[in-house]
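# Here you go, sequence then predicted model.
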Amino acid sequence: MKIRKGDEVIVLAGKDKGATGKVLRVDPRAERVVVEGVNLITKNIKADQQRAGKESGRVTVEAPLHASNVAIVEDGKPVRIGYKFDDDGNKVRISRRSGKEI
């Protein structure tokens with residue numbers, strides 16, 4: 001998976017198409033990412049012993065998106081990601097648009 005936690009991404013498909021945000025979590029097995037402020041859902045939370053001090057009610061949280069529906073942003077435009085080895089032999093991610101290291 002070429003998208004990592006902390007990357008700035010743009011949504012390519014779905015109800016939030018065009019929205020940008022920072023990746024909060026990545027689940028490589030399910031190929032899902034959670035983006036800050038995107039794909040918001042409302043959950044009903046029940047009060048119980050484990051959530052002591054917190055009330056029950058409605059909470060708005062970010063739901064995961066499929067990784068194919070987001071792309072890394074460079075200068076406000078989506079870019080594809082590739083890999084290359086630098087001079088020290090380390091594998092680094094590069095932008096396919098500009099060739100710059102990400």
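Here it is on my side, so go on. Numbering: from 1, shown residues only.
# Can you give me the first-to-last residue distance of stretch 70-79?
10 Å (Cα to Cα, to the nearest Å).
# what sits up against it?
Contacts made with stretch 70-79 from outside it, assessed by Cβ atoms under 8 Å, 6 or more residues apart in numbering, are listed as 2-3, 7-12, 20, 23, 33, 35, 80-81, 95-98, 100, 102. All C-beta spots, glycine's among them, are computed from the backbone N, C-alpha and C.
# Can you tell me which of the residues you listed are buried?
3, 7, 9-11, 20, 23, 33, 35, 81, 95, 102 (16 or more other Cβ atoms under 10 Å).
# who's the residue nearest to the spatial centre of the chain bridged to?
Centre of the chain computed as the mean C-alpha position; nearest residue by Cα atoms, centre = their mean is Val23, 3.2 Å away. With DSSP bridges applied, Val23 shows beta-bridge pairing to Val35.
# so it touches Ile10, yeah?
No. Under the criterion of Cβ atoms under 8 Å, Val23 lies out of contact with Ile10, with a separation of 11.3 Å.
# for the protein, what spans make up the strands?
With DSSP state E applied, the chain shows strands at 8-11, 20-27, 32-35, 40-45, 57-62, 65-66, 70-74, 77-79, 81-85, 91-95, listed in chain order.
# among those, which is nearest Arg51?
Of all the strands of the chain, it is strand 40-45 that lies closest to Arg51, at 7.5 Å by Cβ to Cβ.
# now the closest one: how far from the chain's centre is it?
Average the C-alpha atoms of strand 40-45, do the same for its chain, and the two points are 19 Å apart (Cα atoms, centre = their mean, to the nearest Å).
# Who are the packing partners of it?
Helices and strands in packing contact with strand 40-45 are listed as strand 57-62; criterion 3 or more Cβ pairs under 8 Å, 6 or more residues apart in numbering; DSSP states H and E.
# buried stuff in the strand it packs on?
Judged by neighbour count (16+ other Cβ under 10 Å), strand 57-62 contains these buried residues: Glu62.
# and if you look at stretch 31-45?
Neighbour-count burial for stretch 31-45, with 16+ other Cβ under 10 Å as criterion, is recorded at 32-35, 38-39.
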